[in-house]
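Asks: predicted model, plus sequence, below.
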Amino acid sequence: MQTIQNVMTRDVQRVSPEDSVHRAAQIMKEFNIGSVPVVDGEKLVGMITDRDIAVRSTAAGKAPESHRVGDVMSTEVRTCYATQSVDEVLTQMGDVQIRRVPVVDQQSHSLVGIVSLGDMATKQTTGVGVALQEISSPSDGAAKAN
């Protein structure tokens, strides 16, 4: 059984709730990513996505240099543990139609990595196609956190 620790990315870009939305957008541009974990110290407290910035900040007319990440981030974030099986996390990703999941320590809830559908596709083959199909299917209209 392959576990998340075998496929996750450990060196994760992150922002704090006090960082500016502009800073989060710069990180997304520099690293070509669409979401960034938000941490308070090492504890995961949310995720900020390019959609959060567009809808909750830019469309609201907020100045990105002065608007804070904590004001626009998604706080209900699906997480997983490094010891969980890849198959289990792939199933969860398909069920809730998300492409990346922060990996947290079971006891401290501190961020230890992130796992994406791409990570799994390049390091493991079984189950990825089914998860991608579920993630890409039209949703039931419920908002997704990431």
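Replies: Noted; the coordinates are in hand.
Asks: in the chain, which spans are helices?
Replies: Taking DSSP state H, the helices of the chain run over residues 21-31, 50-52, 69-72, 86-96, 117-123, 128-136.
Asks: and those helices, which one averages the lowest pLDDT?
Replies: Within the helices of the chain, confidence is poorest for helix 128-136, with a mean of 52 (mean pLDDT).
Asks: with mean neighbour count and distance to residue 104 added, can I get the helices of the chain in TSV?
Replies: Quick note: C-beta positions are derived from backbone N, CA and C, even for glycine. Below are those laid out as TSV (neighbours: other CB atoms under 10 Å; distance: least, CB to CB, whole Å):
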stretch	mean neighbour count	distance to residue 104
helix 21-31	17	20
helix 50-52	18	20
helix 69-72	20	18
helix 86-96	19	12
helix 117-123	17	16
helix 128-136	15	20
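Asks: could these be laid out in JSON lines, adding distance to residue 63?
Replies: JSON lines is the format used below for the helices of the chain (distance: least, CB to CB, whole Å):
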{"stretch": "helix 21-31", "distance to residue 63": "8"}
{"stretch": "helix 50-52", "distance to residue 63": "16"}
{"stretch": "helix 69-72", "distance to residue 63": "12"}
{"stretch": "helix 86-96", "distance to residue 63": "33"}
{"stretch": "helix 117-123", "distance to residue 63": "33"}
{"stretch": "helix 128-136", "distance to residue 63": "34"}
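Asks: can you pull the phi/psi pair for the spatially most distant residue from the centre of the chain?
Replies: Computed with CA atoms, centre = their mean, the residue of the chain farthest from its C-alpha average is residue 61, at 24.8 Å. Dihedral pair for residue 61: phi 80, psi 20, per degrees, to the nearest 10.
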